[in-house]
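Asks: here is my input, please return the structure:
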Amino acid sequence: MKKLILLAVLVFAVVAFVGCNNDESEQRTLVMGTSAGFFPFEFIADYGQGVIGQYAGIDVSLAARIADELGFNVEIRDQEFGGLILALQNREIDFIAAGMTIRPDRQEVVNFTVPYFNAGQYVVVRSDNNAVHSIADLEGKLVGVQLATTGDLAITDGHDEGVVTFGNIARFTQPLPGILDVIGGSLDAFVIDAPVARGFLANHPDDLRVFADPNGFFGPESFGMAFHKDDTELLAQFNEVLSRLIAEGYVDYLYAYYTTHYAHHAN
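Replies: Presented below is the predicted three-dimensional model:
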């Protein structure tokens, strides 16, 4: 009898163990699309010691926290920023977390979460460039932007509408090469999101100067994560957790943490 009871206990334990493993293995994995050259929001960590795989940053940590609370796994697909929305529409990724500004034209094709970070555009110039203090001062000058970003759209629209006629607009898939061109003197300025510009300034305080346009060339902007138009339930789940984390100060904590401990990644 004791042997039968012991056998029954062992069988129950095995079944329970297998059941737990099955539940874990059946946990849905969400593919996060990002462009990992945008410190402090997404970047490749030192020695591959990231939050999700080799990746770290505000967006990466925030997505990992939300997914964990909702019972999802997350893997990252790193690609050029300009192709992220198309990848989402084609179901190659499940959501975008890439310092993406909420814009009306983007809202026509994707759904955004609640805004989680208020940003803006900064102009980055050489520290010894005393002639440029506004967008208007860049008339006829060479300006760099990251392809398909808010900075690119604003500079392109301003040029096309004749607000400021730039000598040339150089478009980069990542901001770092453009910043290095500013330092080297082959570009007069580079336009990028303010927190990213501050990261570059922290690493090159003797070489760079940054400023916001005093005449309001760039409007206010906020970042949101983007979801497929049909994924309204998943969006609602993310929004519920994200809204609470914002209220708790978690996003502010992440910004302070990454800009303090990982400033060397904006190099």
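Asks: contacts for the helix or strand hosting Arg244?
Replies: Under the criterion of DSSP states H and E, Arg244 resides in helix 232-247. The contact list for helix 232-247, computed with CB atoms under 8 Å, 6 or more residues apart in numbering, reads 62, 65-66, 69-70, 94-95, 111, 113-114, 116, 225, 227, 251. The C-beta positions use only the backbone N, C-alpha and C, and glycine is treated the same way.
Asks: would you turn those residues into a markdown table with distance to Leu88 and neighbour count?
Replies: Supplementary listing: the contacts of helix 232-247 in a markdown table, determined by distance: CB to CB, whole Å; neighbours: other CB atoms under 10 Å:
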| residue | distance to Leu88 | neighbour count |
| --- | --- | --- |
| Leu62 | 18 | 24 |
| Arg65 | 21 | 17 |
| Ile66 | 17 | 25 |
| Glu69 | 22 | 15 |
| Leu70 | 19 | 14 |
| Asp94 | 8 | 20 |
| Phe95 | 7 | 27 |
| Asn111 | 10 | 21 |
| Thr113 | 13 | 21 |
| Val114 | 18 | 15 |
| Tyr116 | 18 | 21 |
| Met225 | 10 | 26 |
| Phe227 | 7 | 22 |
| Val251 | 22 | 18 |
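Asks: export those to CSV and tack on pLDDT and secondary structure?
Replies: Shown next, in CSV, are these (pLDDT from 0 to 100; DSSP: H, G, I helix; E, B strand; the rest coil):
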residue, pLDDT, secondary structure
Leu62, 98, helix
Arg65, 98, helix
Ile66, 98, helix
Glu69, 98, helix
Leu70, 98, helix
Asp94, 98, coil
Phe95, 99, strand
Asn111, 98, strand
Thr113, 98, coil
Val114, 98, coil
Tyr116, 98, coil
Met225, 98, coil
Phe227, 98, strand
Val251, 98, helix
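Asks: and these, which is closest to Asn215?
Replies: Minimum distance to Asn215 across the contacts of helix 232-247 is 28.1 Å, recorded for Tyr116 (CB to CB).
Asks: can I assume the closest one is in contact with Gly224?
Replies: Yes: using CB atoms under 8 Å, Tyr116 is in contact with Gly224, at 6.7 Å.
Asks: report the distance from stretch 115-129 to the chain centre.
Replies: Mean C-alpha position of stretch 115-129 versus that of the full chain (CA atoms, centre = their mean, to the nearest Å) differs by 15 Å.
Asks: return the set of buried residues in that stretch.
Replies: By 16 or more other CB atoms under 10 Å, the buried positions in stretch 115-129 come out as Pro115, Tyr116, Phe117, Ala119, Gly120, Gln121, Tyr122, Val123, Val124, Val125, Arg126, Asn129.
Asks: ok, the closest residue to Asn168 other than its chain neighbours - contacts?
Replies: In space, and not counting its chain neighbours, Asn168 is closest to Leu142: 5.0 Å by CB to CB, 6 or more residues apart in numbering. Contacts for Leu142 were tallied using CB under 8 Å, 6+ apart; they are Phe166, Gly167, Asn168, Ala170, Ser186, Leu187, Asp188, Ala189.
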